[in-house]
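Trainee: One predicted model, sequence on top.
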Amino acid sequence: MELQLRKSILFDVLDGIPPSGNESKAVMNYRNDIEQSHSTLEEEAMRLGISRDVIEFTEDFR
């Protein structure tokens with residue numbers, strides 16, 4: 001899955017935007033993985049180079 005798509009999905013999850021219903025299985029699996037755990041979401045944000053913004057946001061949920 002390309003980097004920009006992964007970033008877009010991650011930000012959709014953070015913003016509470018539900019899946020559109022026509023995503024591929026890979027996209028749905030990725031989305032489910034980062035929705036299940038804040039630590040997984042933060043780890044993925046680090047891999048994508050956007051951890052600073054994400055960690056500030058997720059601190060509210062700890």
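Mentor: That came through fine.
Trainee: and the strand or helix carrying E43, what does it pack onto?
Mentor: With elements taken from DSSP states H and E, the one containing E43 is helix 38-48. Contacts of helix 38-48 with other secondary structure elements, assessed using 3 or more Cβ pairs under 8 Å, 6 or more residues apart in numbering; DSSP states H and E, are made with helix 3-15, helix 25-36, helix 51-58. For every residue, glycine as well, the C-beta is placed using N, CA and C.
Trainee: which one of those helices lies closest to E42?
Mentor: Smallest distance to E42 across the helices and strands packed on helix 38-48 (Cβ to Cβ): 5.7 Å, for helix 51-58.
Trainee: tell me the mean pLDDT over the closest one?
Mentor: Confidence over helix 51-58, taken as the mean pLDDT, stands at 65.
Trainee: mind checking which helix or strand of this protein has the lowest mean pLDDT?
Mentor: Comparing every helix and strand of the chain by mean pLDDT, DSSP states H and E singles out helix 51-58 as the least confident one, with a mean of 65.
Trainee: how near is the residue of the chain most remote from its centre to L3?
Mentor: Ranked by distance from the centre of the chain (Cα atoms, centre = their mean), the top residue is N22, with 17.4 Å. Between N22 and L3 the computed distance is 21 Å (Cβ to Cβ, to the nearest Å).
Trainee: Flag the shaky bits of this protein, pLDDT-wise.
Mentor: Applying pLDDT under 70 to the chain flags residues 53-62.
Trainee: in it, which residue is closest to the centre?
Mentor: Within the chain, one residue has its C-alpha closest to the average C-alpha position: by Cα atoms, centre = their mean, that is L10, at 2.4 Å.
Trainee: Sweet, I'm off.
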